[in-house]
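Novice: Could you look at this predicted model? Sequence included:
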Amino acid sequence: HTRCHALDAKGGFGHWSHGEAVSLGLVAALKLGERLGTTPTVIAERVLNLLRSLGLPVGLKGSDLLAATELISHDKKRAGSKLRFVFVKEIGEVSIQWLLLEDLREMMQALAD
């Protein structure tokens, strides 16, 4: 939801519906979790397929992901140069990790390319 609110704000609260922003935020979290080795690819693909079947967006390329990442740096879960994220480990199981904002920017850049 952290990424969702940033996407909502970046989109001017009108570019995407809230549900579409939630979908894109969830996709970003799943992809970040995969990159970090926390989220198994099979779980990420299962959720992406479900979102697609509901007609929700799952493509991060061309979205305002990078600009939204800058807005995330103002999130209330930030502690100095770190931000707390929730990642899916398995269906029904999550892990909470701290990410450096600079690392987050680099990973989001890679996702948006």
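Specialist: Arrived safely.

Novice: got a pLDDT number for the residue of the chain most remote from its centre?
Specialist: Most distant from the centre of the chain: G80, at 20.0 Å, with distances by CA atoms, centre = their mean. What the model reports for G80 is a pLDDT of 79.

Novice: Enumerate every residue touching it.
Specialist: By CB atoms under 8 Å, 6 or more residues apart in numbering, no residues touch G80. Bear in mind the C-beta positions are built from the backbone N, C-alpha and C, glycine included.

Novice: middle-most residue in this protein, spatially?
Specialist: Most central in the chain (CA atoms, centre = their mean) works out to A28, at 2.9 Å.

Novice: Please name every helix or strand in contact with the helix or strand encompassing that one.
Specialist: Per DSSP states H and E, A28 falls inside helix 18-35. Other elements packing on helix 18-35 under the criterion 3 or more CB pairs under 8 Å, 6 or more residues apart in numbering; DSSP states H and E are helix 2-10, helix 41-53, strand 82-90, helix 101-112.

Novice: Show me the one of the ones you listed that comes nearest G33.
Specialist: When the helices and strands packed on helix 18-35 are compared by CB to CB, strand 82-90 sits nearest G33, at 3.9 Å.
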